[in-house]
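A.B. asks: Predicted model and sequence follow; I will ask about them next.
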Amino acid sequence: MSKTLRLILGDQLNSNHSWFKTVNDSITYLMMEIRTETDYATHHIQKIVGFFSAMQEFEKDLKSKKHQVIYFCLNDENNLQSFEKNIDFLITKNHFTNFEYQLPDEYRLDQILKNFCSKLSISNTVADSEHFYTERNELGDFFEGKKTFLMESFYHAMRKKHHVLMENDKPLTGKWNYDGENRKKLPKNHKPTPPLVFNNDVSKILIEINKTNIKTIGNIDENNFVWPINRDQSLQLLDFFVAECLHLFGSYQDAMTPNEWSLYHARVSFSMNSKMISPKEVVDKAICEWKKRPAEIEYNQLEGFVRQIIGWREYMRGIYWLKMPEFGNMNFFNHQGKLPDWFWTGKTKMNCLKDAINQSLDYAYAHHIQRLMITGNFALLAGVHPDEVDNWYLGIYIDAIEWVEITNTRGMSQFADGGIVGTKPYASSASYIDKMSHYCGSCFYKKAIKTGDKACPFNSLYWNFYDKNEDKLGKNPRIGMMYNVWRKMQPDHKAELLQQADYYLKNINDL
């Protein structure tokens, strides 16, 4: 008799997958909480709890629909703590004749399962995860023969292919991109819509984790876990976003302000990256809401959101599969520094970093500009090794899975890829941070001062970064203006800036 074992990874919680359309007693689904997945990075406690909670909810849902499921909890006696060992054990014990799995989204797991299957004595097949708009290799095929990988052209192609916000072969409204309208600072007395949070009790899972020596970071309220842990909650969060936040998402998507962790962001990335909901569902829901309320939701709010998903998210996945594993070792600037100690505690006198890091420790979340232009910007200017930056981002954020984390971090944020993802480094002084946030006014350091006791570290580190990397960046047309300014500076002023930066870098843990 034919018996099939099907593996479901922790980020493959797609209840709409074709696997589940029919119930078949000869098919058994396998899920497992294992140490190889908790220990490859130092994860935020909410990230581990979030994935384990969502996996357990998914198991319950499958069983309620009469599917056969084997689930290894973290501390089960017979849990051998690795995919290969657990699968081998079950195949032998239960006499399975076929093994099937879905394409993993991480290169690491893709290699593990390929190698494992190459040694299997039973038949094995791999299925698509049926989640993304694109195939793994679609971006590579799109840019074949090209030297640059411009996201905007890929975004246009995706809009056309999937007929999203299109009128025949032209973009709705005649314009593709409204990014220029989506860079507003939050008005001073503006109070954002309070976020929808959940009150999930995750105490039982936390007890199991605490029985182990798993190393974690961050904080958690075990009786009020705020993140969605199943499809129903994920859909609730999506509904809340389109009803309450979409109308101001675009305008304030880059804005930052102390003590407001959610603003108008959707926060559905954890739900999407674990596949509890699909990107198409998210995009369709946003477009549907805009069509119902065109007078309330301006088009730029919608387009900015759609571009994040159908453009940037799919683009980053394509870059990942095109450039891995080499991408994971790129270090264009040969940065060798370590992350400051306060990246793990939030104990710094710099308001912007204190707020972004403490928020990350409290919620396992920060929005894209906090990641790019606060924590990422500082790590870039400070010359931190990309491995250090990768490990921090991969660990601290609940939505961080390598395919989306490393391309944004090592690529866009740290420019360690030398310009594959971005055409210039995302480096800034205090002026940009002040333009987009309310951090600077009450900071210990002074945004306008470049040298001296209370000079904002971003200012001198900014010029030091450009000075140190002129051989690599001097001919980049997108930052030529900055080098013109630097070259025209008086030698003594340059020396003061470089001396200030040197002092800050030598005393980085005290900033």
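C.D. replies: Yes, it's here. Numbers count the residues shown, from 1 in each chain.
A.B. asks: any idea how far the closest residue to E260 other than its chain neighbours lies from Q301?
C.D. replies: Nearest non-adjacent residue to E260, counting by CB to CB, 6 or more residues apart in numbering: P192, 5.5 Å away. Glycine gets a C-beta too; all of them are placed from N, C-alpha and C. Separation of P192 from Q301 (CB to CB, to the nearest Å) stands at 14 Å.
A.B. asks: more crowded one of those two?
C.D. replies: Per other CB atoms under 10 Å, whichever of P192 and Q301 has more neighbours is Q301, with 25 against 17.
A.B. asks: who touches the helix or strand where that one lies?
C.D. replies: Secondary-structure assignment from DSSP states H and E places Q301 in helix 299-306. Residues from elsewhere that reach helix 299-306 (CB atoms under 8 Å, 6 or more residues apart in numbering): 164-165, 172-173, 177-179, 181-182, 246-251, 253, 266, 283, 286-287, 290.
A.B. asks: Same question for stretch 446-460.
C.D. replies: So stretch 446-460 is in contact with 350, 377-378, 381, 428-431, 433-434, 440, 443-445, 496-501, 504, 511, going by CB under 8 Å, 6+ apart.
A.B. asks: for Q233, helix, strand, or coil?
C.D. replies: Secondary structure assignment for Q233 (DSSP: H, G, I helix; E, B strand; the rest coil): helix.
A.B. asks: for it, what are its contacts?
C.D. replies: Counting by CB under 8 Å, 6+ apart, Q233 has contacts F198, N200.
A.B. asks: what does F444 give?
C.D. replies: F444 neighbours (CB under 8 Å, 6+ apart): K349, M350, N351, K454.
A.B. asks: burial measure for the last one, as a count.
C.D. replies: Meaning K454. Counted with other CB under 10 Å, residues neighbouring K454 total 10.
A.B. asks: now the third one
C.D. replies: For N351, the count of nearby residues is 22 (other CB under 10 Å).
A.B. asks: Now it. Its backbone dihedrals?
C.D. replies: Backbone dihedrals for N351, given as degrees, to the nearest 10, come out at phi -60, psi -40.
A.B. asks: Closest one of the contacts of F444 to H385?
C.D. replies: Proximity of the contacts of F444 to H385 (CB to CB) peaks at M350, which lies at 20.7 Å.
A.B. asks: That closest one contacts S437, correct?
C.D. replies: No: contact status for M350 versus S437: not in contact, 11.9 Å apart, counting by CB atoms under 8 Å.
A.B. asks: What residues does G337 make contact with?
C.D. replies: So G337 contacts A382, G383, V384, H385, E388, L505, I508 (CB under 8 Å, 6+ apart).
A.B. asks: just checking, which of these belong to strands?
C.D. replies: Counting by DSSP state E, no part of the contacts of G337 is found in strands.
A.B. asks: Among those residues, give me the pair with the biggest separation.
C.D. replies: Going by CB to CB, the pair spanning these furthest: E388 and L505, at 14.5 Å.
A.B. asks: Which residue is the nearest non-sequential neighbour of S82?
C.D. replies: In space, not counting the residues next to it along the chain, S82 is nearest to T36; the distance is 5.3 Å by CB to CB, 6+ apart.
A.B. asks: Repeat that for M316.
C.D. replies: In this structure, M316 finds its nearest non-sequential neighbour in T407, 4.2 Å apart by CB to CB, 6+ apart.
A.B. asks: And the contacts of stretch 446-460, which of them are buried?
C.D. replies: 350, 377-378, 381, 428-430, 433-434, 440, 443, 445, 496-498, 500-501, 504, 511 (16 or more other CB atoms under 10 Å).
A.B. asks: what about the strands in this protein?
C.D. replies: 4-7, 27-32, 43-44, 68-72, 98-102, 123-127, 166-167, 170-171, 216-217.
A.B. asks: Show me what the longest one is packed up against.
C.D. replies: Right, strand 27-32. In terms of contacts (3 or more CB pairs under 8 Å, 6 or more residues apart in numbering; DSSP states H and E), strand 27-32 is packed against strand 4-7, helix 45-64, strand 68-72, helix 83-94.
A.B. asks: let's go with 10 Å and repeat that
C.D. replies: Helices and strands touching strand 27-32, as assessed by 3 or more CB pairs under 10 Å, 6 or more residues apart in numbering; DSSP states H and E, comprise strand 4-7, helix 45-64, strand 68-72, helix 83-94, strand 98-102.
A.B. asks: With respect to G395, which of the ones you listed lies nearest?
C.D. replies: Closest approach to G395 among those (CB to CB): helix 45-64, 7.4 Å.
A.B. asks: mind saving the C-alpha coords of that closest one as PDB?
C.D. replies: Extracted in PDB, the C-alpha atoms of helix 45-64 (Å, rounded to 0.1, in the frame of the first residue of the first chain):
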ATOM      1  CA  ILE A  45      11.600  35.400  21.800                       C
ATOM      2  CA  GLN A  46       8.400  36.700  20.100                       C
ATOM      3  CA  LYS A  47       9.700  35.300  16.800                       C
ATOM      4  CA  ILE A  48      10.100  31.800  18.100                       C
ATOM      5  CA  VAL A  49       6.800  31.900  20.000                       C
ATOM      6  CA  GLY A  50       5.100  33.400  17.000                       C
ATOM      7  CA  PHE A  51       6.100  30.700  14.600                       C
ATOM      8  CA  PHE A  52       5.500  27.900  17.100                       C
ATOM      9  CA  SER A  53       2.000  29.300  18.000                       C
ATOM     10  CA  ALA A  54       1.100  29.600  14.300                       C
ATOM     11  CA  MET A  55       2.400  26.100  13.600                       C
ATOM     12  CA  GLN A  56       0.300  24.600  16.400                       C
ATOM     13  CA  GLU A  57      -2.800  26.500  15.200                       C
ATOM     14  CA  PHE A  58      -2.200  25.200  11.700                       C
ATOM     15  CA  GLU A  59      -1.900  21.600  13.000                       C
ATOM     16  CA  LYS A  60      -5.200  22.000  14.800                       C
ATOM     17  CA  ASP A  61      -6.800  23.300  11.600                       C
ATOM     18  CA  LEU A  62      -5.600  20.400   9.600                       C
ATOM     19  CA  LYS A  63      -6.800  17.900  12.200                       C
ATOM     20  CA  SER A  64     -10.200  19.600  12.400                       C
END
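A.B. asks: can you pull the buried residues of it?
C.D. replies: Neighbour counts over helix 45-64 (16+ other CB under 10 Å) mark 45-59, 61-62 as buried.
A.B. asks: Between strand 68-72 and it, find me the angle.
C.D. replies: Here helix 45-64 points in a direction 160 degrees away from that of strand 68-72 (axes from the mean of the first three to the mean of the last three CA atoms, to 10 degrees).
A.B. asks: Low-confidence stretches in the stretch 301-450 of the chain?
C.D. replies: Low-confidence segments of the stretch 301-450 of the chain (pLDDT under 70): none present.
A.B. asks: residue ranges of the helices in it, please?
C.D. replies: Using DSSP state H, counting those that start in this stretch, the helices of the stretch 301-450 of the chain run over residues 314-323, 351-363, 368-369, 376-381, 386-396, 402-406, 430-436.
A.B. asks: Now distance to I70 too, for those helices, in CSV please.
C.D. replies: Formatted as CSV, these follow (distance: least, CB to CB, whole Å):
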stretch, distance to I70
helix 314-323, 30
helix 351-363, 33
helix 368-369, 38
helix 376-381, 41
helix 386-396, 28
helix 402-406, 26
helix 430-436, 49
